[in-house]
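Quick one: sequence and predicted model below, then my questions.
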Amino acid sequence: MKNILRMAFAVLVLFFGVNTANAFQFPDVAKDHWASEQIEILTDKGVIVGYPDGTFKPDDNVTRAEFASMAIRALGQQHTNVAQPVAFTDINEEFWAYDSIQKALFFDLISCPPAGEPFRPDDTVTRAESMTVAVNALTTEQISAQKAKEVLSRKYADADEIPETFVIPAGKAEILNMIVVMPSDSKKKNLEAERPATRAEVAAILYNMMEQAKLNPNAKLAEAMRKKTGDGYVVENAVVQGSIGTIPAGAVVPIKLTKYISSQTSNAGELYAAVAPENYITKDKYILVYKGSQLKGQLMDVRSGKWFVRNGVLVLDNSLVVTNNDQTAGFHGTSSVSKHRNWFMKFVRATLKGEKLDVQPDGVLYLKLLQPIKVDLTNGWIYE
């Protein structure tokens with residue numbers, strides 16, 4: 001059931017996420033809607049999605065679980081692993097947003113309730129809760145409650161009604177120009193902190209958070225968003241654009257086999273396993289694939305060496321890689337086993353033939369990639 005729910009949610013996100021050409025075809029969001037730009041951008045990025053009937057429903061509310069999932073996607077941390085999840089009384093690992101909620105806790109976006117308290121995933125998220133999450137994603141200057149109240153009272157008619165827990169986050173949000181208030185004709189607006197946030201408001205809040213986090217993420221997010229570096233095997237012609245690294249088709253990388261293969265005893269179609277013997281890195285030492293990542297494939301062409309008939313043939317066809325994130329992704333490449341020969345052996349093998357090929361366990365081969373590989377350099381996630 002857990003996998004079915006996750007698959008169903010992933011299909012829903014994929015369906016609406018990939019239709020970027022129609023991302024702003026929502027019939028219920030006019031182009032002059034006050035949040036149209038934010039809705040368009042976040043829909044295009046797959047952070048928020050529409051409904052199966054093609055509408056967006058900008059005035060509907062958002063649950064706490066939905067908001068946690070959206071926030072993690074907006075920050076690009078949906079592939080982060082959380083080693084020590086927090087236990088709740090009303091959700092478990094089978095809940096569709098369990099992973100996102102755990103990540104929101106890990107990145108200090110939301111506070112952990114006292115032991116035994118529920119998360120309330122199906123409650124609507126309030127404006128105060130959503131804007132607090134946005135502020136928590138950032139590194140901000142400390143301000144006092146008094147300073148926050150002074151800042152808020154200048155602009156909001158209901159500043160005195162703001163819950164105490166929201167005063168400082170609201171003050172910080174106001175200083176950063178992150179507070180989202182629907183347009184009105186009144187000179188002094190209402191913050192309406194405890195009102196459930198609408199989907200349009202959530203889009204605007206998440207957009208503000210996403211933009212501010214690019215500049216001043218909190219400490220945990222800053223570490224997660226940092227491109228990781230290290231020593232290893234430099235992949236020729238690998239390129240970096242922003243946080244994405246690309247290993248081009250035709251690049252050659254080393255792999256280390258985990259079992260013996262031979263032109264004399266192995267068979268075509270036989271499966272093999274290998275590992276990356278060192279990090280694959282760019283010339284600037286950004287890590288593309290981590291040491292120890294598992295590679296899997298099969299022997300594509302195996303022919304034994306026979307005197308006066310032919311030299312041995314041993315060709316590997318790699319298809320998958322299992323990364324340090326436990327992600328299984330396509331990693332298509334080929335490797336032909338050969339031996340280095342001096343001029344005399346080249347002559348012997350050309351005339352008499354019969355060469356036998358083998359690779360011992362832990363033997364290193366070089367794999368030529370058949371397709372480009374795009375990698376998130378902050379966490380090693382491979383995009384397919």
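Here it is on my side, so go on.

can we go C-alpha only for contacts and neighbour counts from here?
Noted.

For the stretch 151-300 of the chain, which segments count as strands?
Under the criterion DSSP state E, counting those that start in this stretch, the stretch 151-300 of the chain contains strands at 233-234, 239-241, 244-247, 252-257, 261-262, 271-275, 280-281, 287-289, 294-303.

Now mean neighbour count and mean pLDDT too, for those strands, in a markdown table please.
Output for the strands of the stretch 151-300 of the chain, formatted as a markdown table (neighbours: other C-alpha atoms under 10 Å; pLDDT from 0 to 100):
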| stretch | mean neighbour count | mean pLDDT |
| --- | --- | --- |
| strand 233-234 | 20 | 98 |
| strand 239-241 | 14 | 96 |
| strand 244-247 | 22 | 97 |
| strand 252-257 | 22 | 97 |
| strand 261-262 | 20 | 95 |
| strand 271-275 | 19 | 96 |
| strand 280-281 | 24 | 98 |
| strand 287-289 | 29 | 97 |
| strand 294-303 | 20 | 96 |
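
got the CA coordinates for stretch 184-191 in PDB?
In PDB, the C-alpha atoms belonging to stretch 184-191 read as follows (Å, rounded to 0.1, in the frame of the first residue of the first chain):
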ATOM      1  CA  SER A 184      -7.300  45.600  -1.200                       C
ATOM      2  CA  ASP A 185      -8.400  49.200  -1.400                       C
ATOM      3  CA  SER A 186      -7.900  49.800   2.300                       C
ATOM      4  CA  LYS A 187      -4.800  51.800   3.300                       C
ATOM      5  CA  LYS A 188      -4.000  49.500   6.300                       C
ATOM      6  CA  LYS A 189      -4.200  45.800   5.500                       C
ATOM      7  CA  ASN A 190      -5.100  42.900   7.700                       C
ATOM      8  CA  LEU A 191      -2.500  40.100   8.200                       C
END
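
Show me the contact partners of it.
Outside stretch 184-191, the residues that touch it by C-alpha atoms under 8 Å, 6 or more residues apart in numbering are 155-159, 181.

Stretch 232-242 too?
With C-alpha under 8 Å, 6+ apart, stretch 232-242 has contacts from 245-248, 251-253, 278-283, 285.

Among the contacts of stretch 184-191, find the one with the greatest number of neighbours, please.
residue 159 (22 neighbours; other C-alpha atoms under 10 Å).

For that residue, which residues are in contact?
Neighbours of residue 159 in contact, by C-alpha under 8 Å, 6+ apart: 149, 152-153, 190-191.

run the last query once more with 7 Å
152-153 (C-alpha atoms under 7 Å, 6 or more residues apart in numbering).

likewise residue 198?
Contacts of residue 198 (C-alpha under 7 Å, 6+ apart): 58-62.

Just the buried residues out of these, in PyMOL syntax.
Buried residues within those, by 16 or more other C-alpha atoms under 10 Å, are selected in PyMOL with:
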select buried, resi 58+61+62
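
Filter the contacts of residue 198 down to the ones in helices?
Using DSSP state H to define helices, no part of the contacts of residue 198 is located there.

Residues touching stretch 312-326, excluding its own?
With C-alpha under 7 Å, 6+ apart, stretch 312-326 has contacts from 263, 290, 293-305, 328-337, 354-357.

domains for this protein, by residue range?
Listed domain ranges for the chain are 2-224, 233-383 (source: automatic domain parsing).

among these, which gets the worst mean confidence?
Of all the domains of the chain, the minimum mean pLDDT falls on domain 2-224 (a mean of 88).

State the distance from the residue nearest in space to the middle of the chain to residue 184.
Centroid-nearest residue in the chain, with C-alpha atoms, centre = their mean: residue 79, separated by 3.8 Å. Separation of residue 79 from residue 184 (C-alpha to C-alpha, to the nearest Å) stands at 39 Å.

likewise residue 125?
For residue 125, the distance to residue 184 - C-alpha to C-alpha - is 22 Å.

Over to residue 161?
Applying C-alpha to C-alpha to residue 161 and residue 184 gives a distance of 19 Å.

Quick check on these two: which one has the bigger neighbour count.
residue 161 (13 against 9).

quick one on the thing from earlier: let's verify the residue nearest to the centre of the chain: helix, strand, or coil?
Look at residue 79: counting by DSSP: H, G, I helix; E, B strand; the rest coil, its state is coil.

If you tally nearby residues, what's the number for the nearest residue to it once chain neighbours are set aside?
In space, and not counting its chain neighbours, residue 79 is closest to residue 381: 7.0 Å by C-alpha to C-alpha, 6 or more residues apart in numbering. Residues lying near residue 381 (other C-alpha under 10 Å) number 22.

What of residue 353?
With other C-alpha under 10 Å as criterion, residue 353 counts 19.

can you pull the contacts of it?
Counting by C-alpha under 7 Å, 6+ apart, residue 353 touches 306-311.

Quick check: phi and psi on it?
Taking degrees, to the nearest 10, you get phi 60, psi -170 for the backbone angles of residue 353.

Kindly provide the distance from it to residue 299.
In terms of C-alpha to C-alpha, residue 353 sits 22 Å off from residue 299.

One more: residue 218?
Distance, residue 218 to residue 299, using C-alpha to C-alpha: 48 Å.

List the buried residues of stretch 261-270.
Those buried within stretch 261-270 under the rule 16+ other C-alpha under 10 Å are 261-264, 266-267.

Buried ones among the contacts of residue 353?
310-311.

Would you mind putting the contacts of residue 353 into CSV with distance to residue 54 alongside?
Shown next, in CSV, are the contacts of residue 353 (distance: C-alpha to C-alpha, whole Å):
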residue, distance to residue 54
306, 65
307, 69
308, 69
309, 66
310, 63
311, 62
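
of all the contacts of residue 353, which comes closest to residue 101?
residue 311 (58.5 Å; C-alpha to C-alpha).
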